[in-house]
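Undergrad: below: sequence and its predicted model.
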Amino acid sequence: MKRLILICVLCALILPALEAQSESIGAKVGGGMAFFGGSDWLDGLDLLGGNNEIRAGFTAGLFFNSETNEWFSIQTELMYSLLGGAFSYYDPFLFDYVDSKITVTAMELAVLLMPCFRTEKGEVHIFAGPDLILVLGDISLEVKALGIAVSADIEPDNLVLFGIKGGIGSTRPLGKGALVTDFSYTRSLTEIFENDNTAVNGLLLTVGYRADF
């Protein structure tokens, strides 16, 4: 685990420094769906007779792109993200449905390998790479039943998670840079809680601007 984290951090610091044809920096913001997965999470829902649901996700941050040639670049991203999930189940003792929403606030450091395909109006790119997820504090749980909402904070066993990120996007020239649109999928691979393989997932659509220099 520690070795994987170290490799991810070193990649984030070293890879963009490789000789490049051009470099650019930008910012992007977006939202989408966040949900939990993993066999332990799904087994727990089965015991409750519950439904796995999604919650709104959010992300915003900066990226640095280093183009090694006209068809390939390496992009490092530092993103602030709201992830998590939701679930609901019927409680026979309350004679009502219990709705729960879980929020995981995190910083993501991703190093993405990005093949690019030129078009007449810009480019289309795909990307994939390791994602270091730093959980910022406690995990927030909000439960609603009988018209009453109760919230609590849960301390995770691990604040640093190793994950993957991938997706597809496009750029269109705009001014001295480009308008960037990305659709990405993020998934954690290491445990938030000990001996529990619950995974954090996010499907997010972002829009941003890349300044070339």
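TA: All right, it came through fine. As the structure is a prediction and not an experimental result, all values here were calculated from the model.

Undergrad: which SSE is immediately downstream of the strand ranked longest in the chain?
TA: The longest strand of the chain (DSSP state E) is strand 96-119. As assigned by DSSP states H and E, the chain's next helix or strand after strand 96-119 is strand 122-135.

Undergrad: pop out the phi and psi values for Pro156.
TA: With angles defined as degrees, to the nearest 10, Pro156 shows backbone torsions of phi -70, psi 150.

Undergrad: just want the most central residue of the protein.
TA: Note on the chain: the residue nearest the mean C-alpha position is Thr186, at 4.1 Å, using CA atoms, centre = their mean.

Undergrad: quickly list what Ala211 is bridged to.
TA: According to DSSP bridges, the partner residues bridging Ala211 are Ile25, Gly177.

Undergrad: quick one: it and Ser24 touch, right?
TA: Yes: the pair Ala211 and Ser24 passes the contact test of CB atoms under 8 Å, sitting 6.0 Å apart. In this view, the C-beta of every residue, glycine as well, is placed from N, C-alpha and C.

Undergrad: so what sits against both of the two?
TA: Residues within reach of Ala211 and of Ser24 at once, by CB atoms under 8 Å, 6 or more residues apart in numbering, are Gly177.

Undergrad: shaky segments in this structure?
TA: For the chain, the stretches with pLDDT under 70 are 1-21.

Undergrad: all helices for it, in order.
TA: Along the chain, the segments classed as helices by DSSP state H run 2-14, 39-48.

Undergrad: return the set of buried residues in the shortest one.
TA: Right, the one you point to is helix 39-48. Within helix 39-48, the residues that qualify as buried are 40-41, 44-45, counting by 16 or more other CB atoms under 10 Å.

Undergrad: just stretch 186-206 next, same as before
TA: Applying a neighbour-count criterion of 16+ other CB under 10 Å, one finds 186-189, 191-192, 197-206 buried in stretch 186-206.

Undergrad: put the alpha carbons of that stretch into PDB.
TA: C-alpha atoms of stretch 186-206 as PDB (Å, rounded to 0.1, in the frame of the first residue of the first chain):
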ATOM      1  CA  THR A 186     -13.100   7.300 -10.500                       C
ATOM      2  CA  ARG A 187     -12.900   4.300  -8.300                       C
ATOM      3  CA  SER A 188     -11.000   3.600  -5.000                       C
ATOM      4  CA  LEU A 189      -9.100   0.300  -4.800                       C
ATOM      5  CA  THR A 190      -8.000   0.300  -1.200                       C
ATOM      6  CA  GLU A 191     -10.000   0.100   2.000                       C
ATOM      7  CA  ILE A 192     -11.700   3.100   3.700                       C
ATOM      8  CA  PHE A 193     -12.500   0.900   6.700                       C
ATOM      9  CA  GLU A 194     -10.300  -2.100   7.800                       C
ATOM     10  CA  ASN A 195     -11.500  -5.500   6.400                       C
ATOM     11  CA  ASP A 196     -14.200  -3.800   4.300                       C
ATOM     12  CA  ASN A 197     -13.900  -3.500   0.500                       C
ATOM     13  CA  THR A 198     -16.500  -0.800   0.100                       C
ATOM     14  CA  ALA A 199     -15.400   1.300  -2.900                       C
ATOM     15  CA  VAL A 200     -16.000   4.900  -3.700                       C
ATOM     16  CA  ASN A 201     -17.200   5.500  -7.300                       C
ATOM     17  CA  GLY A 202     -17.700   8.700  -9.200                       C
ATOM     18  CA  LEU A 203     -19.100   9.500 -12.700                       C
ATOM     19  CA  LEU A 204     -18.400  13.100 -13.300                       C
ATOM     20  CA  LEU A 205     -18.700  15.500 -16.300                       C
ATOM     21  CA  THR A 206     -16.500  18.600 -16.100                       C
END
